[in-house]
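Trainee: Here is a sequence together with a model predicted from it:
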Amino acid sequence: MFGRFHPELAKARITASNVAAFTFELKASVTRENGWKLITRRNEWFQRHAVAQLAQNKTTNGDHTVFAYSYAAERIFKFARERGWRTVLGQIDPGPAEERIVAGLHEKFAARWEAAPKEYWDRWRNECELADQILVNSAWSRDALLGEGMPAEKISVVPLAYETAERSFERRYPHAFNSERPLRVLFLGQISLRKGVGQLLEAVKLLAGEDVEFWFVGPAQMEIPQHPNVRSFGVVPRLEVDRYYRDADVFILPTLSDGFGLTQLEAQSWKLPVVASRHCGEVVRDGFNGVVLEEVSAEAIADVLLRFLRSPQILSGMSARSGVSDRFSLKTLAASLQDLHD
């Protein structure tokens with residue numbers, strides 16, 4: 001993926017079925033296949049190719065650990081377990097608990113939505129059963145899996161890592177926000193009900209007439225209504241994302257459920273204060289480098305933003321204390337993964 005390359009991996013051995021993957025996606029596009037049927041077929045396709053590659057590997061004997069991500073690991077783990085290998089599942093989200101949250105949101109906002117088929121979750125439970133260890137990226141995900149009956153001793157919390165080049169950057173705030181220089185609130189990512197955009201848009205209405213501007217950047221799964229305080233930028237190239245972090249005053253992630261929420265770290269790398277919910281990775285130190293919402297509601301969001309609007313110096317202090325902590329470094333991630341192997 002261009003823009004995410006790491007030089008230390010330049011000589012790493014990688015096997016990719018790019019042509020086969022392109023062919024698969026092309027056929028799906030021609031037949032207009034979509035939804036859960038396409039997701040299921042894509043996951044099965046990937047697993048078949050992964051198992052085929054493992055079977056061709058001359059080092060299939062011996063003590064190995066196989067890591068695979070959730071929803072596309074069942075066949076891979078069966079192959080590994082038959083050979084006595086250790087299996088580690090990378091759980092990308094909170095699982096069925098998140099689906100129930102999403103279902104409730106779509107009912108509340110009267111939005112269309114399609115639940116995953118029962119077979120999808122059956123396969124996932126098989127993956128969890130076949131896994132010797134399950135990695136989650138947040139306490140929020142861990143608690144969700146415990147609620148599904150997963151053994152606590154199987155689950156390890158390993159936060160995501162984020163590293164970026166050193167920046168000689170100092171964020172500056174005005175003495176007061178006004179109509180010419182409003183408070184700029186950035187939401188960047190998937191624009192969906194799960195991410196708390198429904199409540200965020202309700203907060204926009206509560207703050208009508210205030211000197212605040214909401215920026216929405218990313219693919220929209222729901223309509224962003226026309227509003228004088230709202231600017232919608234749609235999908236932007238990865239290499240252009242930084243300028244939104246640079247030019248905003250505060251980043252907001254009022255998610256109802258996220259496996260982690262990497263955008264929090266991206267924002268902190270630009271010394272941007274973050275307002276986040278408790279339903280994601282524990283990145284924000286409340287009152288130190290941002291605010292942790294006690295509840296995801298329009299009123300709670302509006303109260304926080306009004307506080308910033310009236311006192312820009314609060315944001316200035318949070319920005320000065322912001323930055324990506326060492327606990328989210330690649331070195332820390334490597335040590336955590338090594339501990340699991342040992």
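Mentor: Received it, and whenever you're ready, just let me know what you need.
Trainee: mind listing what Val88 touches?
Mentor: By CB atoms under 8 Å, 6 or more residues apart in numbering, the contact list for Val88 reads 65-68, 131-135, 340. Heads up, the C-betas are built off the backbone N, CA and C, glycines and all.
Trainee: Lowest mean pLDDT among the helices and strands, pick that one out for the protein.
Mentor: In the chain, no helix or strand scores lower on mean pLDDT, DSSP states H and E than helix 330-341, which sits at a mean of 86.
Trainee: What lies in contact with it?
Mentor: Contacts for helix 330-341 (CB under 8 Å, 6+ apart): 65, 88, 133, 135, 156, 158-161, 163, 326.
Trainee: Give me the buried stretch members for stretch 238-245, please.
Mentor: For stretch 238-245, the buried set under the neighbour-count rule, 16 or more other CB atoms under 10 Å, comprises 241, 244-245.
Trainee: my bad, should have said stretch 163-181
Mentor: For stretch 163-181, burial by neighbour count (16+ other CB under 10 Å) applies to 171, 173, 177.
Trainee: pLDDT for those - can I get that in JSON lines?
Mentor: Formatted as JSON lines, those follow (pLDDT from 0 to 100):
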{"residue": "Arg171", "pLDDT": "92"}
{"residue": "Tyr173", "pLDDT": "97"}
{"residue": "Phe177", "pLDDT": "98"}
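Trainee: circling back: ranking by neighbours, what's the top pick from the contacts of helix 330-341?
Mentor: Using other CB atoms under 10 Å as the neighbour criterion, Leu135 leads the contacts of helix 330-341 with 23 neighbours.
Trainee: My reading is that it lies in a helix. Confirm?
Mentor: No - applying DSSP: H, G, I helix; E, B strand; the rest coil, one finds Leu135 to be strand, outside a helix.
Trainee: Let's check: the centremost residue of the chain is which one?
Mentor: Gly261 (3.7 Å; CA atoms, centre = their mean).
Trainee: That one touches Leu253, doesn't it?
Mentor: Yes - the criterion here is CB atoms under 8 Å, and Gly261 meets it with Leu253 at 5.4 Å.
Trainee: Common neighbours of those two, please.
Mentor: 276, 280.
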